[in-house]
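Q: could you work out the structure for the sequence below:
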Amino acid sequence: IAVVQNGALARRRSMGKLRSLEENLRAEPLTGAFGIGHTRWATHGRPSEENAHPHSDCTGHLVVVHNGIIENYLPLKAKLSAAGHRFVTQTDTEVVAHLVESFYKGSLEEAVRGALRELEGIYALVLVHRDEPQKLVAARLGPPLVVGLAEGEHFVASDIPALLPYTRDFVFLDDGDVVTVTPDAMRLTDASGKPVERRPTRITW
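A: Next up is the predicted model:
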């Protein structure tokens, strides 16, 4: 998981069972008002703490979690390395973090949209930046993503059951969607930035 509090971004990562992360958090607790987390089998690189999500850029200011596979991550990694980016993992996801960093000019949403134009493959991405409080930016092409809507708090997850303890109202992202989520609002656009209107669905089960 990665959490932002008082302008600082902190990560706690573990390999193996989820209880390893729980023990890590008991030893070094995290608090904060917004953040992201992920559990994922290793698809690129060996299972290790350094290869675990969330992945960070060079600055340590933004982090990303990812379902899917970035097929052109090796040429992107070579290009970014030549531009001075330093990589510390063998994952395709870390390339996304550095690619978004290369586009970042103060707007995480615009940086994500710029990076998406260069990605080949499938992805469900969620990102946070320490300098943009209370904001999540997510994008989908392939793997599922849902936005949960609640009073004074909004969520992004890969499936409904994760959020049922918190809300019954969901917006389902389509391929090509980019969504910006804050505690009180959700801005949904297509890949070009054009606003998309989509009504929430009430889940009764």
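Q: isn't residue 154 up against residue 183?
A: Yes - at 6.2 Å, residue 154 and residue 183 qualify as touching, with contact defined as Cβ atoms under 8 Å. (C-beta placed from N, C-alpha, C; glycine too.)
Q: let me see the contact set for residue 162.
A: Listed by Cβ atoms under 8 Å, 6 or more residues apart in numbering, residue 162 has no contact partners.
Q: any regions of the chain where pLDDT drops low?
A: Across the chain, the ranges flagged by pLDDT under 70 are 40-53.
Q: how about 80 then?
A: Along the chain, the model assigns pLDDT under 80 to residues 12-18, 20-21, 24-25, 40-53.
Q: quick one, helices of it?
A: Using DSSP state H, the helices of the chain run over residues 18-27, 73-82, 93-103, 108-116.
Q: between residue 154 and residue 183, which has more neighbouring residues?
A: residue 154 (24 against 14; other Cβ atoms under 10 Å).
Q: roughly how far apart are the residue nearest to that one when sequence neighbours are not counted and residue 60?
A: Nearest in space to residue 154, with sequence neighbours left out and distances taken as Cβ to Cβ, 6 or more residues apart in numbering, is residue 181 at 4.6 Å. Residue 181 is 22 Å from residue 60, where distance means Cβ to Cβ, to the nearest Å.
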